[in-house]
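Colleague: Build me a model:
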Amino acid sequence: MRNKKAFLAGILAGALLCLATIWSGMSTVDAADGSPGAPGAAPPPPEVATMVLTTQRVSLTTELPGRTSGYLVSEIRPQVSGLIQKRLFTEGSDVKAGDVLYQIDPAPYQAGYDSAAASLDTAKKTAEQARAAVSASLANVERQKATLALAKTDFQRADDLFKDKAVSAAERDHASTNLDVATATVRAAEAQVTSDRAAIAAADAAINQAQAAVQAAQINLNYTKITAPISGRVGRSSVTDGAIVTAYQPMALATIQALDPIYVDVTQSTAELVRLRNRIEKGALQPGSSEQKNVAIKLENGDAYPHEGVLGFRDVTVDPTTGSVILRITVPNPEGMLLPGMFIRATLEEGVLDQAILVPQQAVSRDPKGNPLVMVVDGEGKVAPKPFTAERAIGDQWIASAGLAVGDHVIVEGLQKARPGTPVKEVPYTPAPPPGAPGAPGPAPEQKSS
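Modeller: Model prediction:
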């Protein structure tokens, strides 16, 4: 029995020895081949996707908030007082310049016009009488001059006869008196002519005054028809038929606004204006193309407006409460989509960077202080952190204004495997196509709930 147990123990020991020898040989072969499963073998370097930085020409834009306002705005107010007989427009409709909007009771103004016209006729008749009187006065002057000439002749004859002692002194004195009377009569007739001519001037002035009164009465009569001064869309009426209105009252009867084109007023900070001007003066930013005044418009819900606007002018006054200035943009509005007071966002071109370095945002991380940095692969194929200055975002990329250089190999994908100082294997980074482009992944299939 003891021999049998010893025999079995020997067989078991031999089998264990053979297994140990075989395992040892396999481990030696694996170690010689350098396979990953071999104890002490170094793992391969992780694979990361990198992009080599280059310079690009980038157009810089800025998005500014603003609101729309009418291209032309006219507040309708009465220019004469009276009773509104009729409103002649439909609220919210389009009107043409010259269309009658309200009718004020014209009766008192018609009476005033008729009275002024009658006064003008009276003034004209008075002027005609004054001219007739002048004609009569001139004829009288001529008659008196003839009498004067006869008186002079009689006096001369009487004086000669008196010298010859043919007539008495009384007769000569009588002829002299007649001469003096004739002279005075001529002067009186000439004075009457002057007076009558002054009457004509006064009558002409009265005519002018009466004509002015007729013109004023006609204007007031015309003002009883309140017309549209501009073409556009009229809003709601603040009065109804039968309302009493006064000339130039503070409250407008209605408002007309021209909506095509329409203004968009946006605000821009003066600090941003100074920064852009300094960069352009230093040559860091080019003024841009001739299309720089074209402005893209986004609606309040984020949809793009189908028409571009044109930058008109920049206000010359800074709002002291906000430190900003107003930029006015003229936008076509043929469909009437934009209404006054709507909130919009305008995208304006600031200029062009000829040597811009762009970094994908997915490649950027932050240090504990919040400063941006990227992981780059150095000349030895090892990972190294590199901080940089991110100036602004352009789409899904950052503009690097300092810290990065052309030729840097920036890790875009595989950052979780890239540890500073460790070697990595580079593969070129291939950006994903934008949604809707050929090769872009389609939408996920709709899940049906059971």
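Colleague: For the top helix by length along the chain, name the packing helices and strands.
Modeller: Longest helix of the chain, by residue count under DSSP state H: helix 107-163. Packing partners of helix 107-163 (3 or more Cβ pairs under 8 Å, 6 or more residues apart in numbering; DSSP states H and E): helix 169-223. To be clear about C-beta, it is placed using only N, CA and C from the backbone, and glycine gets the same treatment.
Colleague: And the contacts of the following helix or strand past the helix it packs on?
Modeller: Per DSSP states H and E, helix 169-223 leads on to strand 225-227 as the next helix or strand towards the C-terminus. With contacts defined as Cβ atoms under 8 Å, 6 or more residues apart in numbering, strand 225-227 is touched by 76, 78-79, 97-104, 106, 253.
Colleague: Report the separation between residue 169 and residue 158.
Modeller: Look at residue 169 and residue 158: by Cβ to Cβ, to the nearest Å, they are 10 Å apart.
Colleague: More neighbours: which of the two?
Modeller: Using other Cβ atoms under 10 Å, the more surrounded residue of residue 169 and residue 158 is residue 158, with 22 against 10.
Colleague: Just the pLDDT for that one.
Modeller: Per-residue pLDDT puts residue 158 at 83.
Colleague: Could you pull up the residues touching it?
Modeller: Counting by Cβ under 8 Å, 6+ apart, residue 158 has contacts 167, 171, 172, 174, 175, 176.
Colleague: ok now the longest helix of the chain, how far from the chain's centre?
Modeller: Distance of helix 107-163 from its chain centroid, counting by Cα atoms, centre = their mean, to the nearest Å, is 69 Å.
Colleague: now swap in stretch 153-166 and tell me
Modeller: That offset, for stretch 153-166, works out to 101 Å (Cα atoms, centre = their mean).
Colleague: Stretch 186-206 now?
Modeller: For stretch 186-206, the gap between its own C-alpha mean and the chain's C-alpha mean amounts to 64 Å (Cα atoms, centre = their mean).
Colleague: coming back round to it: pull the most distant pair out of the contacts of strand 225-227.
Modeller: Within these, two members stand farthest from each other by Cβ to Cβ: 97 and 106, at 21.6 Å.
Colleague: who has more neighbours, these two?
Modeller: The residue with more neighbours, out of residue 97 and residue 106, is residue 106; 18 against 13, by other Cβ under 10 Å.
Colleague: and the gap between the more buried one and residue 112?
Modeller: Residue 106 is 10 Å from residue 112, by Cβ to Cβ.
Colleague: for residue 184, same thing?
Modeller: 50 Å.
Colleague: Between these two, which has more neighbouring residues?
Modeller: More crowded of residue 184 and residue 112, by other Cβ under 10 Å: residue 112, with 17 against 12.
Colleague: Spell out which residues sit in contact with the spatially closest residue to that one that is not a sequence neighbour, please.
Modeller: Of all residues not flanking residue 112 in the chain, residue 217 sits nearest, at 4.7 Å (Cβ to Cβ, 6 or more residues apart in numbering). Going by Cβ under 8 Å, 6+ apart, residue 217 touches 109, 112, 113, 115, 116, 117.
Colleague: Can you pull out the low-pLDDT segments for the protein?
Modeller: In the predicted model, the chain carries pLDDT under 70 at residues 1-42, 276, 278-292, 433-450.
Colleague: rerun that using 80 as the cut-off
Modeller: 1-43, 59-60, 164-165, 167, 270-293, 313-316, 349-354, 431-450 (pLDDT under 80).
Colleague: got the buried residues for the longest strand anywhere in it?
Modeller: For the chain, the strand that runs over the most residues, judged by DSSP state E, is strand 55-76. Judged by neighbour count using 16 or more other Cβ atoms under 10 Å, the buried positions of strand 55-76 are 58, 59, 60, 61, 64, 66, 68, 70, 71, 74, 76.
Colleague: Redo the residues you listed as a markdown table? Include distance to residue 46.
Modeller: What follows is those, written out as a markdown table (distance: Cβ to Cβ, whole Å):
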| residue | distance to residue 46 |
| --- | --- |
| 58 | 32 |
| 59 | 37 |
| 60 | 37 |
| 61 | 38 |
| 64 | 45 |
| 66 | 50 |
| 68 | 55 |
| 70 | 63 |
| 71 | 62 |
| 74 | 72 |
| 76 | 76 |
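Colleague: Among those, which one sits closest to residue 411?
Modeller: Relative to residue 411, and with distances defined as Cβ to Cβ, the nearest of the buried residues of strand 55-76 is residue 58, at 22.5 Å.
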